[in-house]
Structure formats: structure tokens, C-alpha cells
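Peer 1: need a 3D model of the sequence below.
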Amino acid sequence: SVAAALLGTAPVRAENLIEVYLDAVRSDPLVREAEARRSAALEAKPQARALLLPQINVGGQVYTANSDGESTFPQVNQATGNIVTVGNKSTTDVDQYWDYAAELTQTVFRWDQWQELKRADSQVAVAEATYRAAQQDLLVRVAQVYFNVLAAEDTLGAAQATLEAFSRQFEQAEKRFEVGLIAVTDVQESRAAHDSATAGVIAAKRTLATAQEALRELTDKDYQALVKPAEQMPLNKPDPANEQEWVDLALANNLNVVAARLNSEVASANAKIAQSGHLPTVDLFAQYNESNRDATQTNQSFDPSGNLGAGDTVGGSADSSQTSDVIGLRLNIPIFSGGGTQSRVREQVHLHRAAREKLEGTMRSAERETRDAYLGVLAEKARVQALSQAVKSSQTALEATEAGFEVGTRTTVDVLDARRRLFEAQRDYARSRYDYLINIVRLESAAGGLQQDDLDAINGLLTQPTTLPVVRPKS
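Peer 2: Here you go, the predicted model:
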């Protein structure tokens, strides 16, 4: 730029819409969150499939133990033929005991597991649609915030130009008043316009700072210059130029509608899974067990009357080992579960109905957004053309009013009003151009077809670099 050349500094490089979008892709936490959730949801399929594959479990234990016990029991005295009560006292010391078991289970019939596998397909599809919706949302947010910054910069430029003009007019009014050419009311009118324009510049700076902060939130980066559309920007109608065709596209491809439709399928699968609680299950199982015990045991008989030495004491090894293997089918038939299964079925039926209602609401919302964006493109196209002419007409009117003021046929108030109208036309014209581009992005998003290529096409219209003013005070 000329200022940069005079100061001997290199011009600031202006970054365009696509460069800002790529910065947002790398930085935006909402897209990264959606990507992580998508990756997590993709695990639903292998988890559901795993339930239908063989399940193998192995467990075991090892321990030492000591036990003491005594018992009494009736016995016939061989000498007298009488029944007497005798006792036995035993002590067992287990030096080491270990066992382990291995079991393989293979599903033969489990209705819920097959339904969970079908549900997993829908869950994965929901995750994919949700992630793509987050990507589209980022495209819309970047375009919205990018053009908000440019609109705020244009508004600030117009406000500053208006303030400079009002400042000159205020100075001229004071000089004219000093030589008696105008009344004091004209000076006061000029002062009021100047003060109002000053407040307008302050508000415009605040709006620009807010817009720049929103852009920094998306990209985690500050921008000194951006690229804006040239004055002669082509204004095209939507293609296809038929509102209902766009609505049909939205009802078929809008990603929020797709996700809601898939969520309804997931809710239907959940109801079928709950109903499986009434059905029997059949599993094939195979088990292998092995155990080993190293122990000693001492038994001593006694007289319950207290003569512990009445019997013989026998002690010795009590080792044991055992192996077993089993194979078979396990059948489980649910009979009654306290009403829990019926309750879960009713719950999932209600949730399925809620999902269908949400789908209906989402479809209506998508249709509304599509129609609004389509009409927005047409309206803003016409509005840009009208406001472009309004700027020219306001400029001509201002020049005529200023000429009339010089010859005394117009008043100071007339000049101030004409300049305000010019500022408003310039502000609205700048905003309408960006709203036109934003509505194009919104229309593609509502129809479910928004991609980076669409942003590339809009980026091709941006040819005029502009340096953003510093509006935030340095800390």
C-alpha cells in the first residue's frame, strides 16, 4: 500500500476465506470434539459383533487353610448291644490347594445380540452424519464470522468518514457563526451531529472488535488483513432456481434430518432388544476344570462325656486331585421378572415415538431453514442492487444539498440529514453484500450439500485486500 511504502514497511499479507477456514479446521474445538465422538461411536459395531463370537474365560485360585471340627453321632455298642453316642474330632491342614477352570461359550440363539448388531450399523451411520453436520456447521460459522468482520470494517470506515465530514462541518459552522452568517442553532445542530457520529465510531469499533474476537475463537489466530469482494461482484440466482427443489433436497439430504431418521431406527432397534427379554436364549458351552490339594488330616474319636482318650487317633495324608470336562447346550427361558421386562419394553416404545416426533420436527425445521435461505438469497440479491443505487442517489443528494447550502437555499439540518442518509445507505449496502454470500452458504448447508468447494467458489469472488484497523487497546 501507499502508506506502507512511505513508512518503508512491508505490506501486510491479506488472508482469504479458504485460508481462514483451513485455520479453523486445524483449531476449532467443536469439530475436533465431533471427530472424537465419531471415532468413539465407530466402536459400536465391533462391540456388538463381539457378543456373537466365542467367549473364553479362565479363572482359578490357590490358597492354604487350616480347619478344626468335631461331631457326634449314634453308634451300636458291640459288647452290650446298646446305642451310645460317640464323637469325632478332626484337624485338617491344607498346605496348598489350587484349581482352575476354563469355559468357552458360543451364542446359538440370542435375539437381543442380533438386534444389537443391526442397531450398531445405525449408530455408526448416526455418528458419521453428526460428524459431517459438524463439518458443515464449521463452514457456515467461518463464512458468517469472516463476513461479519468485513461488514464491521466497512461500517467503521463509513462511520469514520461521516465523523470527519461532520467535524469539518462543525468547524465551518463555528466560523460562520463568528462572522454572523448563521444562527447559533446551526452550530448546536452541527455539534450534536458531530457528537452522535463520534458515538457511532465508538460503537462501530466495538462491533468490529467483537467480530474479530469471534473469528479468533474459531481459528485461535488474529488477522491483520482479509480479502473482501470487489465493488462489482456478480449476483447469481440459486441453482436450481426453484424453491421446492431445494426443499426436496433438504428433506432427503439435510444432515440433521438424516441423523434424526437414523436415531429413529436406533430407537426402533432398542424396542426390539427390550422385547427380547421375553424370549429364551440358547448357548453352547464347554468347560474344563482341574484341582489339586496337598493336605494332612487327623481324626480322633472321643466320648461326649469328656473322656477324650477313649478312641484311637488316626492321621495321615489327605491329598486329592481332580479333572473334569463338560460340553453341552444351556437353555434359559424367562418366566417372570417382576414386570421389569414389560416396563423396559414400554419405555423403549415411548422413546421410539419421541424419536419419530423429533424426526418430524427436524424435517419441518430443515424445510423452514431452506425456504428462508432461498428467499434470503433472492431478497439480498435484489437488496444489494437497490442499495447500490441508494448509495449513488444519496451521494448525489448530498452534493446537491451542500451546493444549496452554499447559496443559502438549504439549511445545516438539511446537510446533516443528507449525510446521515448516505452513511446509512453505505452501511446497509456493505452488510447486504455479505448477507447475500452468507445466505448462499446457508442454503447449501440446509440442503445437505455444503462442501469446501462451495466456499472455494465464494472465495473466488474475493479479490480486494483490506487491512483491518486496530480497534482493541493494547494492554
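
Peer 1: going by residue numbers, what spans are strands in this structure?
Peer 2: 55-76, 83-109, 225-229, 281-302, 313-317, 320-332, 462-467 (DSSP state E).

Peer 1: export those strands to CSV and append columns for distance to Glu367, mean neighbour count and mean pLDDT.
Peer 2: No exception for glycine: its C-beta is placed from N, CA and C like everyone else's. Formatted as CSV, the strands of the chain follow (distance: least, CB to CB, whole Å; neighbours: other CB atoms under 10 Å; pLDDT from 0 to 100):
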stretch, distance to Glu367, mean neighbour count, mean pLDDT
strand 55-76, 48, 10, 88
strand 83-109, 44, 14, 88
strand 225-229, 30, 21, 94
strand 281-302, 45, 16, 90
strand 313-317, 86, 11, 81
strand 320-332, 49, 10, 94
strand 462-467, 31, 16, 92
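
Peer 1: tell me which of those strands lies nearest to Gln123.
Peer 2: When the strands of the chain are compared by CB to CB, strand 83-109 sits nearest Gln123, at 20.3 Å.

Peer 1: other SSEs contacting the closest one?
Peer 2: Other helices and strands packing on strand 83-109, by 3 or more CB pairs under 8 Å, 6 or more residues apart in numbering; DSSP states H and E, are strand 55-76, strand 281-302.

Peer 1: what pairs with the first one, parallel or antiparallel?
Peer 2: Taking DSSP bridges as the criterion, strand 55-76 sits next to strand 83-109 (antiparallel) in its sheet.

Peer 1: by mean pLDDT, flag the weakest helix or strand of this protein.
Peer 2: helix 2-7 (a mean of 40; mean pLDDT, DSSP states H and E).

Peer 1: picking that back up, for Ile182, find the nearest of the helices and strands packed on strand 83-109.
Peer 2: strand 55-76 (97.1 Å).

Peer 1: gap between stretch 223-231 and the chain center?
Peer 2: 30 Å (CA atoms, centre = their mean, to the nearest Å).

Peer 1: then stretch 117-133?
Peer 2: Distance, centroid of stretch 117-133 to centroid of chain: 14 Å (CA atoms, centre = their mean).

Peer 1: quick one: average confidence on that stretch?
Peer 2: Averaging pLDDT along stretch 117-133 yields 92.

Peer 1: in it, which residues are buried?
Peer 2: Buried positions in stretch 117-133, judged by neighbour count with 16 or more other CB atoms under 10 Å: 117, 119-133.

Peer 1: same check, this time on stretch 198-207
Peer 2: Result for stretch 198-207 [16+ other CB under 10 Å]: buried residues 200-201, 204-205, 207.

Peer 1: gap between stretch 272-289 and the chain center?
Peer 2: 37 Å.

Peer 1: what's the span of it from first residue to last?
Peer 2: 38 Å (CA to CA, to the nearest Å).

Peer 1: neighbouring contacts of it?
Peer 2: With contact meaning CB atoms under 8 Å, 6 or more residues apart in numbering, stretch 272-289 is reached by 99-112, 115-116, 119, 322-334, 337, 340-341, 344-345, 347-348.
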